[in-house]
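K.L.:
Quick one: sequence plus predicted model below, questions after.
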Amino acid sequence: MEEDKKDKFLAPENEIRQVTAPDGSIIEVNPLEDYFSQDRPKPYKVRKGPVEDFLNWARAESLWVLGFGTGCGSIEIPPLVTPRFDMYRFGIQMRATPRQSNVFVISGYLSVKTLKRAIRAYEQMPSPKYVVGLGSCTINGGMYYDSYNTINRLDHYLPVDAYIAGCMPRPEALLAGFEGLKKLIKAGKGHKANEYVENLDWYKANQKKIIKDWNMPDYNW
Amino acid sequence: MDYSIEKFLWAFLGLFIILNWGMLMSALMRRIGAKLAGRIGVPLYQPWVDLLKLMSLKTWLSHGVMYYIGPVFRLVGGVGMFLFMPVIFGIEIWSNYSFSGDLILLLYFQSFGMLGMAMGASESGSPHAAIGISRGLSQFAAVEVPMTLAVIAIAIQHQTFSFSEIMAAQQGGIMNWTLFTNPLASIAGMLAMLGAMSHSPFNLVKAPNEIPIGPPTEYHSSFLSVLRTNSAILHVVEAALFMNLFFGGADSWYMYIIKTFFVYFISVFVGMVFPRFKIEDSIRWFLKWPTAIGIIAVIVAAYW
Amino acid sequence: MQKGINNLIEKFGASDLEERRPGLSFITVENTKAVAAITHLKDIDGYTVLSLITAVDWIEDGIMQLTYLLNNPAEIAEIGLRVMLERKKEAGESMETIHHLWPNAKKWQQELKEMFGINFPGSPNINDDFILEGWDAAPPNRRDFDTKKFAEETFFPRPGRETHDPAEHMKKNMYPKNPADYTNKKYNPNR
């Protein structure tokens, strides 16, 4: 019975273990509870009024994209910094860390293994945050719809603000998608992060259905 | 020294001007860089928008007390450098809180922000922050050597540790600038400036692709906006420091803006031309040529 | 005939020689003699590089074929050594490991174990995850694994997906008046 309860995918460093303290006493360490926050996220308050409209304008004009290419579509992102497309003039720039970015471009097919990393990165981003699904694969699986290892619908795992259809969409399409996202944000509709938090149980059930080796906290702060 | 409210308000106004000039200058430099690459570049208001957006982001994170204090330390480093250096030469209200030993205090304030950042970044627990900050501190230790040598040479030359007196000695024509009266110290100091500005050849500290952003990896929302405010102030103040030491200071705001722009532009120009140094190469470079020139400058200043 | 083939036929009873081009031959050996043959090729005939190990699932014949592709850099020659294993209904065919000859073989074998379910007893870390993390269904590259059914059950397919046969679709949409034009060279030079 004891064996059945044991989580077979728990990484060895995250197992409950007993440690001898410097003073000789023995203490029990449960890394998942001691080292990671187990708190549930709370939705933030969406305000209204001219100040919020102004801040929404600022949020829309300063989109910082997480530099995380999840699939083949990420090859369409580097051209955006070249002279031909130049996304800087629209206030879009790449950031290397999820903490400092607020747009997550899921570029193309997303394998189950990458989905796990994408969820971790998404949950670490500060709200309000936006997800852009790039390419057909994020919409209905695209040409990988019958693959054993890539997801079909991104919006079952992460809240998607904008989809950009195509296989692959060209960089122009990506820029147009960003413009659409800007319109959404300026209209005050860019609060999908709240939706994720409010429906957290549904999202987590979907995620855990396919990520079998869930060896991380429920919400990655 | 004058500690009246009026003095404080003037200093605060100066800080406000400097902050906005720093932001405008960073946007200008990014546009110049973009033009060099054949792009259009960011709108001029982009730094303000970024700052607004960062302040409007939500955070629930805590990594401990030092994590909060780190950006404040960094900001204190920049603001302190501004407060204890005369802004405009010869005008009492723009002399800030400068006093007879302010040059030494300035050298200390330069490393102050870096030390605060080191504590805050290591508290955040990200390995990238630890790598970045160890690179930053070791590079800064190497930058300090030629810079201090240049400052000593100038102090010997003018027999003073006061900015006002060094600036006063350089008035009355371009040939009185330290750049021409003491070229060796100027070369050593300007080479050290390239490191102090941490632009391209020496920007491994914040290498965005190799170690995500380096020390501020974990900093976001308001914390990052404090850091960006500081970097805007610091770039102008660093440029003003070298302007005061080598380029005769400024006797009006026009002069101040023109000179800081060009001093800052030197580092950006070098950054556009040269690729990034590895950290061991950059330390070796600073301890080789700039240090040698600095030592010669001190010897020349002492025995001329 | 390229170097080593004679030895394989005489000493190890290899059969079904197939010479694709000068310097590339495929030959079949029995699975009990395969490791001895590979060792002989490596140590005596100069096939010192293990290019790859791969598998083919002949589900109709009940055979699981392993192919060891060995390279001789001095002679610029390659031998594909085929080993026919008896295919089991559930995964779990077994083959001797060759990680003692080439350490990198353990990664190929780890992958074969994960994707085809072929076991190599004694190979280091053979049961570790290779690319699939926490996979608990049948090995996905076996042909009796229905990927479409698996994907439909697992990944929430979006309703309304249509599939068209390209030829039929073009006939209908591009040549609606006279579908025979589709095959007419005058209108469709690609045909």
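P.N.:
The structure has been received and is ready for your questions.
K.L.:
tell me, how many neighbours does the residue nearest to A:Asn206 when sequence neighbours are not counted end up with?
P.N.:
In this structure, A:Asn206 finds its nearest non-sequential neighbour in A:His156, 4.8 Å apart by Cβ to Cβ, 6 or more residues apart in numbering or on different chains. In short, each C-beta sits where N, CA and C put it, glycine included. Around A:His156 there are 19 other residues, counting by other Cβ atoms under 10 Å in any protein chain shown.
K.L.:
ok, now which ones touch A:His156?
P.N.:
A:His156 sits next to A:203, A:206, C:156 when contact means Cβ atoms under 8 Å, 6 or more residues apart in numbering or on different chains.
K.L.:
from these, which is closest to B:Gly64?
P.N.:
B:Gly64 has its nearest neighbour among these in A:Tyr203, at 29.9 Å by Cβ to Cβ.
K.L.:
secondary structure class for the residue nearest to that closest one when sequence neighbours are not counted?
P.N.:
Once flanking residues are discounted, A:Tyr203 sits nearest to A:Tyr196: 6.1 Å by Cβ to Cβ, 6+ apart. Under the three-state scheme (DSSP: H, G, I helix; E, B strand; the rest coil), A:Tyr196 adopts helix.
K.L.:
Now do A:Tyr196 against chain B, distance only.
P.N.:
13 Å (Cβ to the nearest Cβ, to the nearest Å).
K.L.:
before we move on, the earlier item: how near is the residue nearest to A:Asn206 to chain B?
P.N.:
Taking Cβ to the nearest Cβ as the measure, A:His156 falls 25 Å from chain B.
K.L.:
Mind pulling up the pLDDT for that residue?
P.N.:
As predicted, A:His156 sits at a pLDDT of 91.
K.L.:
The residue of chain C found nearest chain A - how many residues pack around it?
P.N.:
As assessed by Cβ to the nearest Cβ, chain A sits closest to C:Gly134 within chain C, at 3.0 Å. For C:Gly134, the number of neighbouring residues by other Cβ under 10 Å comes to 16.
K.L.:
pretty sure C:Arg158 contacts A:Leu154?
P.N.:
No: using Cβ atoms under 8 Å, C:Arg158 makes no contact with A:Leu154, being 10.2 Å away.
K.L.:
about what we covered before: export the contacts of A:His156 as CSV, with columns for pLDDT, secondary structure and neighbour count.
P.N.:
Output for the contacts of A:His156, formatted as CSV (pLDDT from 0 to 100; DSSP: H, G, I helix; E, B strand; the rest coil; neighbours: other Cβ atoms under 10 Å in any protein chain shown):
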residue, pLDDT, secondary structure, neighbour count
A:Tyr203, 92, helix, 19
A:Asn206, 91, helix, 19
C:Phe156, 87, coil, 19
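K.L.:
which among those residues gets closest to B:Leu224?
P.N.:
Closest to B:Leu224, out of all of these and judged by Cβ to Cβ, is A:Tyr203, at 27.4 Å.
K.L.:
Got phi/psi on residue 30?
P.N.:
In the absence of a named chain, chain A is used. A:Asn30 adopts backbone torsions of phi -120, psi 90, taken as degrees, to the nearest 10.
K.L.:
Now it. Nearest residue, chain neighbours left out?
P.N.:
A:Ile16 (4.7 Å).
K.L.:
Could you report the distance from the one you found to chain B?
P.N.:
22 Å.
K.L.:
Was I right to think that residue contacts A:Glu28?
P.N.:
Yes: shown here, A:Ile16 and A:Glu28 form a contact pair, counting by Cβ under 8 Å, at 6.5 Å.
K.L.:
And the closest residue to C:Pro22 other than its chain neighbours, how far from A:Glu61?
P.N.:
Once flanking residues are discounted, C:Pro22 sits nearest to C:Gln2: 7.5 Å by Cβ to Cβ, 6+ apart. Going from C:Gln2 to A:Glu61 by Cβ to Cβ, to the nearest Å gives 67 Å.
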